[in-house]
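**Student:** dropping the sequence and predicted coords here.
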Amino acid sequence: MKKKVIAVVSILLILIAAITMAVVFQMKQTDNNEKKEKAKESSIAVPLIQVFYGKEVVGKIEGYTMDMKENHMRDVIIPIAADHSVPLKIAVNDNEIKSISYELKDLEEDKLIDNGEIKKWKRDNDQILVSYKASGIMEEGKEYFLKFEIVTDKHKKVNYYTRAMVIGEDFVPKQIAFAKKFSDDTFSEETGMKLSAYLEPNSQYASDSLGQVTIRSNIGMLIWKTLRPEKTVKTEVSMKDICVKDNGQAGTYTLTYEIKATNAQKKEEKYNVSETITVWSYQGKNYVLSYNREVNQQWDCNENNVGNAFIDLGIQKQSETEHVESDNGQFIAYEINGDVYAMDILRKKIYPVYQLNAIDVEALYKTKTKVLKVSNQGDVEYLIYGYSPSDTHVGKNGISVMNYSIKNNSAKESAFIPCDEPTQILQNEMNELCYEGDGTVYIMLSNTIYFANLKTKEWGTMVENIEEGSCVVSSAGNVIAYNSDGSLYGSDTITIVNLSNGKKQEIKESGKKVTVCGYTGDNLVYGVADVKPTRKYRRFPMNTLKIVDKDLKEIKTYKKPGVILSDVEVTETVISFQRWKKDKKLEDEQLLDNLEEKQAVAKSSYYMDEIKMKELALAFINNLDANIDLQINRLGETYFDSSTELEAEFVREKGKKFYVYAYGKLQGIYDSREKAERAAKETFGLVVNDKGAKIWTFEENYNEE
């Protein structure tokens, strides 16, 4: 009997051991599969092109495995010497290069000027040295589109977008040397004081933040005031724009590097610096037309930066920080320099949700993140947009919709929306509307509202070609209201859509025209006008303002006999507007919407430091419990998924747009050329039309009053 029992027990033990080994093996396989999904081998990376002017590096060009809108690709411009030779160095990144070809186009006429294949190159370890011979028909001083195309053993096609200009006179090396010396001199008080001759100080501009220093700043800000930093890496140069005229040549250069400095607590901190300078050369002398330095601290989540009163985000270029709060007020989520964090206010615990880990400072401008919402359990929905950091979408540009689980401490991609607009365009246009609700993502780009069903992968448009100002979004971002016909002043109805559940409502004033004005919290403000088809009006004859709640119940109405209302501006609780009677301007008026606002958990703020000066902060409305120690969770895992990619088509917008670039970056998009020129003059920049051609530059108009 004992033998039988022992035999049975032995068999059971063997079975248990076998099952245990199988489970462990399966767990390892699952873990390995997840790791493979999470981080593909770097061998699928695309090659990277480095451009030279003689021996000077003038920029790097990222490769795209999809087609992009080339008229919006303005990262680098290539100066071409008199011999029309452009040296290139290509980091192959474990690719075998099959072919290299090029296309040259006229910006204004969108006409192919030259194309061909570069057949000779030299391999040097993991790099290829090659020379592009520019077309002899290129006009000196004229800007062209230039696209390189590389085929490798791993990628059928990789596109590299840039611009090119034949410059004639050899001014670039001297301007780069001048720009580098200017930058280096700011780190020494002795040499830095001499730079005051190049500044145009203006007391109207901020002088308490090192996050952004311009030509209008005082000399103390330029030489880093009390921070006393030092460079830790070699300065990289990227040429952004060229202007060649009879009275001189201007080159705009962005210098990027990293610095370190010791704070008041004797801790060493690091910062990313992007410094852009426009140098004007005339008769052998160099002058500074424009200067802008942006500094962003590499933020560390630690007990020195997270206190009971606020989160100290350090020196940053941005003056305000956005965050989202859970409905129950327990969790907040925020983004800083591409990194996403969530915080449990009650337990005083921070969860690092995602870290961008950009390889260089320029990469921080090509990939961005945006927090959409945080649940009552601490789960976070956020976007990663622009040039994808994932090897799953290698070389692609678009929007990744990410869902972070606080329980699993991991984020999974629920959708990837390819988009041919570069990061700067996306960042500028997604500020108005970007929301996820009921399994659908809503995004407004170029005056069109798109939706993406995360389950069915359906992509479509809700409303197209909305005139600027004819669509408004609630403060929570979950409700939109738009003039139903898309026009600013010609609509008979207003459509309201609750994006969290898809419910639609409509406002109609019989026989009258209506237009949206804005939201005060969840309450909609709209205007009503009596319009006679046979009459011409100097301004939209709006004679009534109405405020309605989410159920369209009227809360307040403003109307005065014979008074026309215009220029309505809506903030959280105040509605301001101008008044006219018989075309004569009356005193401006304001309405207060006495809504009961939800008590916020935190707000954007700042902190003044004796060494670092003004620091960005996220302040808590009520101090956290001092008896609870701060906890910092480990960084969450991030998983991308190629099966989530949608087939997205975008509407070609109607009407002209004007793009303002300054300091090497997009500053704004305008419907009016006049407004665009004013903005460009304010930022010492330039205006580009829909075709990508420059139509106004500060260099040509800086003497205008």
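**Tutor:** Sure thing, it's come through.
**Student:** contacts, neighbours, all on C-alpha from now
**Tutor:** OK.
**Student:** ok now do the residue nearest to the spatial centre of the chain, which residues does it touch?
**Tutor:** The centre of the chain sits closest to Gln427, judged by Cα atoms, centre = their mean, with a distance of 3.5 Å. Going by Cα atoms under 8 Å, 6 or more residues apart in numbering, Gln427 touches Lys368.
**Student:** redo that, cut-off 10 Å
**Tutor:** By Cα atoms under 10 Å, 6 or more residues apart in numbering, the contact list for Gln427 reads 365, 367-370, 385-386, 421, 445, 666.
**Student:** do the same with Gln316
**Tutor:** 209-212, 271-272, 294-299, 336-337, 614-617.
**Student:** quick one: the helices in this structure, in order.
**Tutor:** Here the chain has its helices, by DSSP state H, at 2-38, 172-185, 189-192, 219-222, 423-429, 673-682, 698-701.
**Student:** how far away is the residue lying closest to Gly521 once chain neighbours are set aside from Ser410?
**Tutor:** Once flanking residues are discounted, Gly521 sits nearest to Ser475: 5.2 Å by Cα to Cα, 6 or more residues apart in numbering. Going from Ser475 to Ser410 by Cα to Cα, to the nearest Å gives 29 Å.
**Student:** repeat that for Glu700.
**Tutor:** Distance, Glu700 to Ser410, using Cα to Cα: 52 Å.
**Student:** Leu346 against Leu624, yeah?
**Tutor:** Yes: using Cα atoms under 10 Å, Leu346 is in contact with Leu624, at 7.6 Å.
**Student:** more neighbours: the two, which one.
**Tutor:** Leu624 (16 against 12; other Cα atoms under 10 Å).
**Student:** my read: the more buried one touches Gln330, true?
**Tutor:** No: counting by Cα under 10 Å, Leu624 sits too far from Gln330 to count as a contact (11.4 Å).
**Student:** name the residues contacting each of the two.
**Tutor:** Residues touching both Leu624 and Gln330 (Cα under 10 Å, 6+ apart) are 345-348.
**Student:** can I get the buried part of those as one ChimeraX selection?
**Tutor:** Only the buried entries of these go into this ChimeraX selection, using 16 or more other Cα atoms under 10 Å:
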select :345,348
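**Student:** how about the shared contacts of Leu624 and Gln330 in JSON lines, adding pLDDT and distance to Pro229?
**Tutor:** Output for the shared contacts of Leu624 and Gln330, formatted as JSON lines (pLDDT from 0 to 100; distance: Cα to Cα, whole Å):
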{"residue": "Ile345", "pLDDT": "96", "distance to Pro229": "34"}
{"residue": "Leu346", "pLDDT": "96", "distance to Pro229": "37"}
{"residue": "Arg347", "pLDDT": "96", "distance to Pro229": "36"}
{"residue": "Lys348", "pLDDT": "97", "distance to Pro229": "32"}
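**Student:** filter the shared contacts of Leu624 and Gln330 down to the ones in strands?
**Tutor:** Assigned to strands by DSSP state E, none of the shared contacts of Leu624 and Gln330 qualify.
**Student:** adding distance to Leu646, write the shared contacts of Leu624 and Gln330 out as JSON lines.
**Tutor:** Output for the shared contacts of Leu624 and Gln330, formatted as JSON lines (distance: Cα to Cα, whole Å):
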{"residue": "Ile345", "distance to Leu646": "36"}
{"residue": "Leu346", "distance to Leu646": "39"}
{"residue": "Arg347", "distance to Leu646": "39"}
{"residue": "Lys348", "distance to Leu646": "38"}
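**Student:** can you name the residues bridging to Asn483?
**Tutor:** Ile494 (DSSP bridges).
**Student:** pull the number of nearby residues for it.
**Tutor:** If you count neighbours by other Cα under 10 Å, Asn483 ends up with 28.
**Student:** got it, and Lys181?
**Tutor:** 12.
**Student:** per-residue pLDDT, it?
**Tutor:** For Lys181, the model assigns a pLDDT of 97.
**Student:** relative to Ile277, how far out is it?
**Tutor:** Going from Lys181 to Ile277 by Cα to Cα gives 12 Å.
**Student:** contact partners for the residue nearest to Gly521?
**Tutor:** 518-523, 571-572 are the contacts of Ser475 under Cα under 10 Å, 6+ apart.
**Student:** of the residues you listed, buried ones?
**Tutor:** Counted by 16+ other Cα under 10 Å, the contacts of Ser475 give 518-523, 572 as buried.
**Student:** low-confidence ranges, the chain, go.
**Tutor:** For the chain, the stretches with pLDDT under 70 are 1-43, 594-598, 654, 703-705.
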